[in-house]
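J.: Just a sequence and a predicted model for now, questions to come.
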Amino acid sequence: MKFAIACKSDHFWHQMKTQSPELINEASGIYQCQDDLRSLLESNVDIVFFPHWSWVVPDEIIDKFTCICFHSTPLPYGRGGSPIQNMVLNGHRDTQVVALKMTNQLDAGPIYLRQDVSLIGGGEEVFRRIYQTTISMMKSLLTFLPSPTEQEGEVTIFTRRQSDDSKLDMDDSIDHIFDKIRILDVDNYPPAYIEIGDYKLTFTHPSMRLSGDIDAHVNIHKIKRDF
């Protein structure tokens, strides 16, 4: 079975090189940005995996190939953006990695596989765990591709988090503040922050002490304001 992989995340590629380099070696095509994807129509692969992809995939690619994407919520709950952060900040301690058939409706396709994954730990630890699970699922699907089943249940939509959403609300519980700091502590994501006067304080590497206090690394920098 010939396959290709489309993924924009350098961290995911690093995890794949470490965990299953044979997937990269055996892939008939590697695509890392939207422009790369244009040449996919000229290939003769059977499956295209989209393990970490943010751009719209053209209908002609969805129609020509079996396109399989991955989402980190128990669909149909949590369709949409920033699934991992939204799951944690909605109070969940675990989630699912779901392999689904890509359609022209976001995160709405039928499902091939589900795998439970813990959301406990720092943001990068959680992402690494999800990447490891995704890679294992890709290998399973290349061994046996089941018939996908339609999603059932109430649809819940998540919205993609913006930079302003990373601001800490100091009226929140200490547990929620801790969860927000830890799950936003990921490369290329806006970290949790507060503003005091002309300064912005960003928080990373949190640790919950037995006393119920939070220790964290703090970066303080002056806010550049447009006047």
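T.: On my side now, so go ahead.

J.: can you map out the strands along this structure?
T.: Per DSSP state E, the chain carries strands over the ranges 3-7, 29-31, 47-52, 66-71, 77-80, 94-101, 111-118, 156-158, 192-196, 199-208, 214-222.

J.: Looking at these, which is nearest to residue 149?
T.: Residue 149 sits nearest to strand 111-118 of all those, at 5.8 Å, using CB to CB. The way it works is simple: take the backbone N, C-alpha and C, and place the C-beta from them, glycine included.

J.: low-confidence ranges in this structure?
T.: Applying pLDDT under 70 to the chain flags residues 227.

J.: ok, how many other residues are close to the spatially closest residue to residue 104 that is not a sequence neighbour?
T.: Using CB to CB, 6 or more residues apart in numbering and skipping the chain neighbours, the partner closest in space to residue 104 is residue 59 (5.7 Å). Neighbour count for residue 59, taken as other CB atoms under 10 Å: 10.

J.: Quick check: the gap between residue 59 and residue 81.
T.: Residue 59 is 21 Å from residue 81, where distance means CB to CB, to the nearest Å.

J.: circling back to that earlier point, mind putting the strands of the chain into CSV with mean neighbour count?
T.: Output for these, formatted as CSV (neighbours: other CB atoms under 10 Å):
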stretch, mean neighbour count
strand 3-7, 22
strand 29-31, 17
strand 47-52, 23
strand 66-71, 22
strand 77-80, 20
strand 94-101, 21
strand 111-118, 16
strand 156-158, 16
strand 192-196, 16
strand 199-208, 17
strand 214-222, 12
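
J.: Excluding covalently adjacent residues, which one is nearest to residue 163?
T.: With CB to CB, 6+ apart as the criterion, residue 163 has its nearest non-adjacent residue at 4.4 Å, and that residue is residue 190.

J.: ok, now which ones touch the one you found?
T.: Applying CB atoms under 8 Å, 6 or more residues apart in numbering, one finds that residue 190 lies in contact with 163, 165, 166, 184.
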